[in-house]
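Visitor: Build me a structure from this.
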Amino acid sequence: APQPAAPWSAPRDATHYGADCAQAPFPPDAAPIRTTPSEDCLYLNVWQPAGTRAGARLPVMVWIHGGGFVNGGSSPAIYAGDSFARDGIVFVSLNYRLGRYGFFAHPGLKAEGGGGNFGYLDQIAALKWVQANIARFGGDPAHVTIAGESAGGMSMHMLLQSPLAQGLFEQAIVESGGGRSRTMAQPTIATSAAAGEVFAPGLDAAALRALPAATVTGDLSMMTMAKPGYAGPLVDGRTILGEPLAAAKNGLDARVPVLIGANSADGFPFVTDKDAIFAGFGADAAEARQIYDPTNSASGLQVGTATTADAMMIEPARAIARALAPRQPVYYYRFAFPVPGASQAMGGAPHASEIPYAFDTLAARTGAGPTAAETATARLMHAYWVNFVKTGTPDGQGLPAWPKASDSGADRVQVIDAKGARSQADPLTQRLDFAQKRAEAGTP
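Guide: Below is the predicted model:
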């Protein structure tokens, strides 16, 4: 588990990012880290509005990055908190251990519990740091919103259900965080320990800790994480109690306002041969073809993106929103802006493409500069996020109304696209009902 930092007495330079956590390179990453990764990586970053004094009690937003729990960090330019600070929010981003450093079990660790979700414990330790220290930066420890995307969104589900995180935040933003175990399997400690044994057979705790960093990291990345020898976050009874949707349905999640959603093309097209994709639906193949490609005009990339998006991100977000809405304020969204360069090929807004719009950091994005339409969309989306952090609702003066999920109905969603934003009947209802049916039947 993470330990308190050793105290120091001399001034310490805090004007640059600390190292992101040890990881193997992931060249296609849309949010490349800007530091040299290291084991010495448990740092966080704070932005405060100009002129803020200690004790100002401003709202706080804490960002947890994505990257499949094996890549990423707090240093990417699109994660900078300048725009939130500009708009009156104390913004915090943090690092947490990745890969086998963060999520690991092994028979050699039996005497100390077998292993666990050390990366999740890092996140909780950072939130405790915020509670203890953020007032000195002008933040209000009683008004903390946690937010994350992809693995960070999955981390939101953990923090919502974990007894260790209760009382450390007031609100949550879940961007493309899945919600069902089919998004990312959550093994038991025993299953994870078997994977650890494949990685390091026969070693005891001392020998495991003596392994070189390069060996522990290896080639583990988002491109290789399905290989034997790594299992990812595990159900440990401390941080994760079970599947996020089950926790939401059973009332285990913190009763706080939640903003949750996904992108319109939020999938991972591992297979792009249409016949192979539909064959994977087994007895439902004909129905899947009729739903996803009725005119046989969609590309394999589009079909692969749509089917995985529904199964892994969009339908689980809807399911979580439905489960939580009767008990607490829930705001359900779909980001569908045609992001230049990718949306046309993939059939919508790809995974993670919403982040520079929500952060209003389009200028820091790799590739071409923002268009006028993108800038307008970023201002709109960022304003929603700012309002939610400040008030617990994304609504605000001059913005299109965004009703709570419990008020708008089960089949309505707040769509953010090239036309602006509006609450409307979900255009993907047929697809999502199909994905829900298969998920509840336990089919892949």
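Visitor: As a check, name the ranges of all strands in the stretch 251-400 of the chain.
Guide: For the stretch 251-400 of the chain, the strands defined by DSSP state E, counting those that start in this stretch occupy 258-263, 330-335.
Visitor: Take those and lay them out in JSON lines including mean pLDDT, distance to Ala165 and mean neighbour count.
Guide: C-betas here are computed from N, CA, C, even on glycine. Converted to JSON lines, the strands of the stretch 251-400 of the chain look like this (pLDDT from 0 to 100; distance: least, CB to CB, whole Å; neighbours: other CB atoms under 10 Å):
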{"stretch": "strand 258-263", "mean pLDDT": "98", "distance to Ala165": "14", "mean neighbour count": "28"}
{"stretch": "strand 330-335", "mean pLDDT": "98", "distance to Ala165": "19", "mean neighbour count": "26"}
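Visitor: okay, those strands in a markdown table with distance to Asn95 next?
Guide: Putting the strands of the stretch 251-400 of the chain into a markdown table (distance: least, CB to CB, whole Å) gives the following:
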| stretch | distance to Asn95 |
| --- | --- |
| strand 258-263 | 24 |
| strand 330-335 | 26 |
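Visitor: Can you tell me which helices and strands the lowest-mean-pLDDT helix or strand in the chain packs against?
Guide: Least confident helix or strand of the chain, by mean pLDDT, DSSP states H and E, is helix 405-408 with a mean of 82. Secondary-structure packing of helix 405-408 (3 or more CB pairs under 8 Å, 6 or more residues apart in numbering; DSSP states H and E): helix 315-324, strand 330-335.
Visitor: The longest one to strand 258-263, inter-axis angle?
Guide: Counting by axes from the mean of the first three to the mean of the last three CA atoms, to 10 degrees, helix 315-324 lies at 160 degrees to strand 258-263.
Visitor: Alpha carbons only: can I get helix 315-324 in CSV?
Guide: Taking Å, rounded to 0.1, in the frame of the first residue of the first chain, the C-alpha atoms of helix 315-324 are listed here in CSV:
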residue,chain,number,x,y,z
GLU,A,315,-25.0,0.3,-22.8
PRO,A,316,-23.2,-0.1,-19.5
ALA,A,317,-23.3,3.7,-18.9
ARG,A,318,-27.0,3.6,-19.6
ALA,A,319,-27.5,0.7,-17.2
ILE,A,320,-25.6,2.5,-14.4
ALA,A,321,-27.6,5.7,-15.0
ARG,A,322,-30.8,3.7,-14.8
ALA,A,323,-29.7,1.9,-11.6
LEU,A,324,-28.7,5.1,-9.8
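Visitor: who are the neighbours of it, in terms of helices and strands?
Guide: Against helix 315-324 (3+ CB pairs under 8 Å, 6+ apart) you get helix 244-249, strand 258-263, strand 330-335, helix 405-408, helix 429-441.
Visitor: Tell me which of those lies nearest to Glu170.
Guide: strand 258-263 (11.1 Å; CB to CB).
Visitor: tell me what that closest one is packed against?
Guide: Against strand 258-263 (3+ CB pairs under 8 Å, 6+ apart) you get strand 171-175, helix 315-324, strand 330-335.
Visitor: so the first one versus strand 330-335, what angle?
Guide: Which is strand 171-175. Going by the same axes, to 10 degrees, strand 171-175 makes 30 degrees with strand 330-335.
Visitor: what ranges of the protein fall below the confidence cut-off?
Guide: For the chain, applying pLDDT under 70 flags the ranges 410.
Visitor: Can you check which helix is longest in it?
Guide: Scanning the chain for the helix with the most residues, using DSSP state H, yields helix 372-391.
Visitor: Let me have the helices and strands packed on strand 258-263 in TSV, extended by distance to Tyr357.
Guide: Putting the helices and strands packed on strand 258-263 into TSV (distance: least, CB to CB, whole Å) gives the following:
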stretch	distance to Tyr357
strand 171-175	11
helix 315-324	17
strand 330-335	7
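Visitor: Which among these is found nearest to Ala363?
Guide: Per CB to CB, nearest to Ala363 of the helices and strands packed on strand 258-263: strand 330-335, 18.9 Å.
Visitor: Give the pairing partners of the closest one; include direction for each.
Guide: strand 258-263 (parallel), strand 412-417 (parallel) (DSSP bridges).
Visitor: Nearest to Asn117, out of those?
Guide: strand 258-263 (21.5 Å).
Visitor: still on that earlier bit, out of the strands of the stretch 251-400 of the chain, flag the one nearest Gly73.
Guide: By CB to CB (comparing all of these), the closest turns out to be strand 258-263, at 21.6 Å.
Visitor: Dump stretch 234-242 to PDB, keeping only the CA atoms.
Guide: What follows is stretch 234-242 as a C-alpha-only set of coordinates in PDB (Å, rounded to 0.1, in the frame of the first residue of the first chain):
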ATOM      1  CA  LEU A 234      -9.200  -7.600  -8.900                       C
ATOM      2  CA  VAL A 235     -12.200  -8.000  -6.600                       C
ATOM      3  CA  ASP A 236     -10.300  -7.800  -3.300                       C
ATOM      4  CA  GLY A 237     -13.200  -7.000  -0.900                       C
ATOM      5  CA  ARG A 238     -11.500  -3.700   0.100                       C
ATOM      6  CA  THR A 239     -11.500  -1.400  -3.000                       C
ATOM      7  CA  ILE A 240     -13.700  -3.500  -5.400                       C
ATOM      8  CA  LEU A 241     -16.600  -5.300  -3.900                       C
ATOM      9  CA  GLY A 242     -18.000  -6.600  -7.200                       C
END
